[in-house]
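Participant: With the input below, show me the fold.
(one chain, ligands or ions: 1)
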Amino acid sequence: MTKISVEIQAVALFPVVAAALIDDAGRVLVQQRPPGKQMAGLWEFPGGKLEPGETPEAALVRELDEELGIVVDPAALRPATFASELLGDRSLLLLLYLCRSWSGDPVALDAVAVRWVTLAEMRTLDMPPADAPFIAALERMI
Ligand SMILES: Nc1nc2c([nH]c(=O)n2[C@H]2C[C@H](O)[C@@H](COP(=O)(O)OP(=O)(O)OP(=O)(O)O)O2)c(=O)[nH]1
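Facilitator: Model prediction:
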């Protein structure tokens, strides 16, 4: 009988929530990560880390307010897909939500810039590796 041994490496789970804000033309908002941060210059979906005790939806509502100055009803957040990626000794679990309604005009409060892009345009942007499968998923959902 063949014995299979599996090495289990301890990692810290690192949950992050992000939103694909979709406008009436079907474009999606992306923002550019600021200098000095990990993955500086890359385009990403707005969002961020969960704070202790927060639900994913509450964290995303807070991040969208802090980063873009918009108000989102948690009921407007639709779970879309997720990505799982090892970042050093951390296990990034990136949860993507769709959001089609909010109050206010998104502005770059934290990022270098924000842009509304078609999914074809998104394919040409430099994005974090974990985000790559999100574009195909959005093509099926938008
Ligand atoms: N917001 C967001 N983060 C992403 C995406 N793709 C991706 O790999 N990430 C990663 C980058 C970061 O490691 C993490 C998000 O954390 P964050 O933006 O709150 O944290 P940070 O380290 O940039 O900033 P800080 O809060 O420590 O100041 O998730 C994405 O599309 N949107």
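
Participant: Is there a neighbour count for the residue lying closest to residue 27 once chain neighbours are set aside? I'd like the number.
Facilitator: Counting by Cβ to Cβ, 6 or more residues apart in numbering, residue 27 lies nearest to residue 116, which is 4.2 Å off, once chain neighbours are set aside. In this view, the C-beta of every residue, glycine as well, is placed from N, C-alpha and C. Residue 116 has 15 neighbouring residues, counting by other Cβ atoms under 10 Å.

Participant: Repeat that for residue 41.
Facilitator: Residue 41 has 11 nearby residues by other Cβ under 10 Å.

Participant: what pairs with the residue positioned nearest the centre of the chain across the strands?
Facilitator: Centroid-nearest residue in the chain, with Cα atoms, centre = their mean: residue 18, separated by 2.8 Å. Assessed by DSSP bridges, residue 18 has beta-bridge partners residue 47, residue 96.

Participant: same question, the one 10 residues further on
Facilitator: Beta-bridge partners for residue 28, by DSSP bridges, are residue 22, residue 117.

Participant: Show the contacting residues for it.
Facilitator: Each residue near residue 28 by Cβ atoms under 8 Å, 6 or more residues apart in numbering is listed here: 20-22, 45, 116-119, 122, 138, 142.

Participant: Out of those, grab the one that's most surrounded.
Facilitator: That'd be residue 20 among those, by other Cβ under 10 Å, with 26 neighbours.

Participant: which residues are in contact with the host helix or strand of it?
Facilitator: Assessed by DSSP states H and E, residue 20 sits inside strand 12-21. Residues outside strand 12-21 that contact it (Cβ under 8 Å, 6+ apart) are 28-29, 44-50, 56-57, 59-60, 63-64, 68, 70, 72, 77, 80, 87, 89-100, 102, 106, 134, 138, 142.

Participant: what do you get if the cut-off is 6 Å, keeping everything else the same?
Facilitator: The contact list for strand 12-21 (Cβ atoms under 6 Å, 6 or more residues apart in numbering) reads 28-29, 45-47, 49-50, 56, 59-60, 90-99, 138.

Participant: That strand vs the ligand: in contact?
Facilitator: Yes - legend: contact between strand 12-21 and the ligand by Cβ under 6 Å from any ligand atom is shown at 16, 18.
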